[in-house]
Structures are given as C-alpha cells and as structure tokens.
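Participant: Let me see the structure of the following:
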Amino acid sequence: MKGIIIAAGPSTRMLPLTEDRPKCSLPINGKPILQNTIELFHKNGVQDISIIRGWQADKIVPQNVTFFDNTDFWNNNILHSLLHARPKLENALDFHEDILITYSDIWFTDYVIKKLLDSNQPISLVVDTEWLELYQDRADHPISEAENVIMKSSGYVSKIGKNVFTKSIPNKEQGEFIGLFKLRPEGIKNFLTHFDRIDKQLSKTDSFQNAKEWQKAYLTDIFQELVDNGVKLHCVLIQQNWMEFDTVQDYLRLNQQIPHDLKQKLEKNDEFQR
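Facilitator: Residues are numbered from 1 along each chain as shown. Below is the predicted model:
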C-alpha cells in the first residue's frame, strides 16, 4: 500500500510560525505533525510514502520517503499539487494497490486510519460527523471555511466543498471532510480520467466548480465533479479523533507544549493578539 502526503502550501494564515518552516514541521505537544502521519502510516502497513513539497521544501527531510517538489505552489493549489505525485498514482494503478492520501496539516489517531483501511470502496473519504463541536470559538477559521459533506442515506457523498453546510438538513446527514482519503485501483482510474478530461477542456485560469481558477482548485472541487458525473464517493464516518491546524489560533488552542522559539515569534509579531 502506498501513501501520499501533500505538504506544498505556504500556510500564510499560520504566520509568523511558518515564516521559516512548513506547517507540517510544527510540533504538536512535542511531535511534528508530519512525524505523526508517517508513524501512523508505517504502523498500518503503508511503507511506500511520498511527500509533495513546496514552501520551505528543504526543511522536509524524513528518511525513506520519495519527494515530489511543486515549484509553482504560489500559483496552484492542493489538487494540482497532488498531481505532482502522479507517477505514484499510476504505479499503484498498474500494480493494483490501494493508496492513502492526506493533507499534511491534520493530526489524526490510529482509530481514524484503521476505519479508513476497513473500507473496500473504490473511493473513500473520512468524514467527521461531530465536526461542529470543533468550531466553537474558532473565530479565525469559521464554519464557512469547512470542507463540508452532505451525505445521501446510502452513505455516499451528495455535495462536498466549502459553503455547503445548511441548517435545514439534519446534522447526521452532514459532516466535514478531514483531508484524508483512500483510492483503490478503480478509484485511481476514475480520479485520473476525470482530471485529464477537465485539464484538456480548461485553461489554468478558467473557473471550475467552486474554484475561481482551475489551477487553484481544491480536492473537494474534483470530488464534486466526480459526484456530478455519477462516481460514488463513500463516506467513512468518524467522531472527532482528529485536529486541523489552519491558523495560529488553532495551534494555540490545541497545543499544550509550544516551543520557546515559537513563543518568541508570536511575542515579536506586532499584529498577533492573544
């Protein structure tokens, strides 16, 4: 089984903490976010790991992984960043392997990855059904920023993306995509086929789904495209057991051991207010 960690973004909303390091290298209670992901991958049989680097690429240096560098990370977004690791996706397809793909800025537990591995669906997305509790007092990352999922009664995705949350639908039919998913060979083929179709039809600056520009599309944009074209995306439901670090506020709320050098950065930042 293969794994891909997407770690190219500059994480500007985490400044000043990320001015000299990628977000995934920030420690959470003493352990870097990236290290936690790699350890859980290894523990669950994912030995062939690739990391897509961009911002501060030279600071991402774990051993025994394959690196793909997205040198255009300022101009594209997470979907096109993932396609820098296309050779791994194609290799998994050729050898009939599953592949796990994750954002680099999420902290999840062994429970989460085991639930995902239990799914035998072609495309499986981890969705938190207790996500709303995590948004209490989260002023710098409001609900409108959540990558929400509206689910069909069958357990498949109906809608996915930002700004799809609605109070008119019961909470049990909605959740948040946490940024972790699995593609089996059939899912890899569908994913690449639709990506290539869209890439031939659109220029970099054409709009696509919720993205103003194709080159800046999110994964949730292509997921919605797949759903619109009849591809089933299975929801693996969890209840928390994960954390997202998108802003300085997130980091301070959820981290009990902030290193001295990072505290100094915050103290020197005139724009930061505790």
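Participant: which residues touch stretch 196-214?
Facilitator: Here stretch 196-214 makes contact (Cβ atoms under 8 Å, 6 or more residues apart in numbering) with N77, G161, K162, N163, Q215, A217, Y218, T220, D221, I222, Q224, E225. Placement of C-beta: from N, CA and C, glycine included.
Participant: do stretch 73-88 as well
Facilitator: With contact meaning Cβ under 8 Å, 6+ apart, stretch 73-88 is reached by 2, 4, 6, 8-10, 48, 50, 52, 54-55, 66, 68-70, 99, 101, 103, 192, 195, 211, 215-219, 221-222.
Participant: Out of these, which end up buried?
Facilitator: Buried members of the contacts of stretch 73-88, counted by 16 or more other Cβ atoms under 10 Å: 2, 4, 6, 8-10, 48, 50, 52, 54-55, 68, 70, 99, 101, 103, 192, 195, 211, 215-219, 221-222.
Participant: circling back to that earlier point, let's see which of the contacts of stretch 196-214 end up in helices.
Facilitator: Residues from the contacts of stretch 196-214 lying in helices, with DSSP state H as the criterion: T220, D221, I222, Q224, E225.
Participant: related to what we said a few turns ago, widest-spaced pair of the contacts of stretch 196-214?
Facilitator: Farthest apart among these by Cβ to Cβ are N163 and Q215. That separation is 20.7 Å.
Participant: picking up where we left off before, so which of the buried ones among the contacts of stretch 73-88 belong to strands?
Facilitator: Mapping the buried ones among the contacts of stretch 73-88 onto strands (DSSP state E) picks out K2, I4, I6, D48, S50, I52, F68, I99, I101, Y103.
Participant: Only the buried residues of stretch 125-135, if you could.
Facilitator: Across stretch 125-135, burial judged by 16+ other Cβ under 10 Å covers L125, V126, V127, D128, T129, W131, L134.
Participant: With secondary structure, pLDDT and distance to T109 added, can I get the residues you listed in JSON lines?
Facilitator: Output for the buried residues of stretch 125-135, formatted as JSON lines (DSSP: H, G, I helix; E, B strand; the rest coil; pLDDT from 0 to 100; distance: Cβ to Cβ, whole Å):
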{"residue": "L125", "secondary structure": "strand", "pLDDT": "98", "distance to T109": "17"}
{"residue": "V126", "secondary structure": "strand", "pLDDT": "98", "distance to T109": "11"}
{"residue": "V127", "secondary structure": "strand", "pLDDT": "96", "distance to T109": "15"}
{"residue": "D128", "secondary structure": "strand", "pLDDT": "94", "distance to T109": "12"}
{"residue": "T129", "secondary structure": "coil", "pLDDT": "92", "distance to T109": "16"}
{"residue": "W131", "secondary structure": "helix", "pLDDT": "81", "distance to T109": "15"}
{"residue": "L134", "secondary structure": "helix", "pLDDT": "75", "distance to T109": "14"}
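Participant: And the strands in the stretch 151-274 of the chain?
Facilitator: Applying DSSP state E, counting those that start in this stretch to the stretch 151-274 of the chain gives strands spanning 157-161, 174-183, 234-238, 242-244.
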